[in-house]
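In: can't give you the sequence, but here's the structure:
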């Protein structure tokens, strides 16, 4: 179904007008930082706003309603690009593993892996708090901690000059659950 974007709430939520009615859309199969998770929530919202500007036409592939009454849907740009996949590949969102069966699971996981391996992956890895990409709890991860996108909880953020070493460690782990930095 075709719709017109009327606003973007955060990195995975937008409002559209479809057939004369306003509908809140939760972008399917991704999890982006919440707005309170500065600055990553704002960055994810900005990325979605640039991808789906107000007034643009989108195509929705509705899947279900969530517990908040939002329509969960894959969202496609006018050119046919999948907005959720784009955000994951750019490092602004995780593949939401708990709900991936409703989407092209391997495409989302592959895009997340690409983001981790690229310079964009630092956006995934720098998040203060946030999702573990599996719909897991955001509790127990405090500001100033790094959240591993495949679970594992938070760890203290390293000094900036250590990012290259950490990125290489994550590349070697290739998505495996990491228990230490060595």
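Out: Done, it's in. Since we're looking at a predicted model, the values are computed, not measured.

In: give me the number of residues near residue 75?
Out: Counted with other C-beta atoms under 10 Å, residues neighbouring residue 75 total 27. Where you see a C-beta, it was placed from the backbone N, CA and C, and this is true even at glycine.

In: tell me the contacts of it?
Out: By C-beta atoms under 8 Å, 6 or more residues apart in numbering, residue 75 lies in contact with 14, 25, 27-28, 52, 58-61, 82-84.

In: Against residue 89, how distant is the nearest residue to it once chain neighbours are set aside?
Out: Distances taken as C-beta to C-beta, 6 or more residues apart in numbering put residue 83 closest to residue 75, at 4.3 Å, once the chain neighbours are dropped. Distance, residue 83 to residue 89, by C-beta to C-beta, to the nearest Å: 11 Å.

In: residues in contact with the nearest residue to residue 107 once chain neighbours are set aside?
Out: Leaving aside its sequence neighbours, residue 107 sits nearest to residue 85 (C-beta to C-beta, 6+ apart; 6.1 Å). Shown in contact with residue 85 (C-beta under 8 Å, 6+ apart): 107-108, 111.

In: Among the residues you listed, name the ones in helices.
Out: 107-108, 111 (DSSP state H).

In: And for the residue nearest to residue 75, the neighbour number?
Out: By other C-beta under 10 Å, the residues close to residue 83 number 24.
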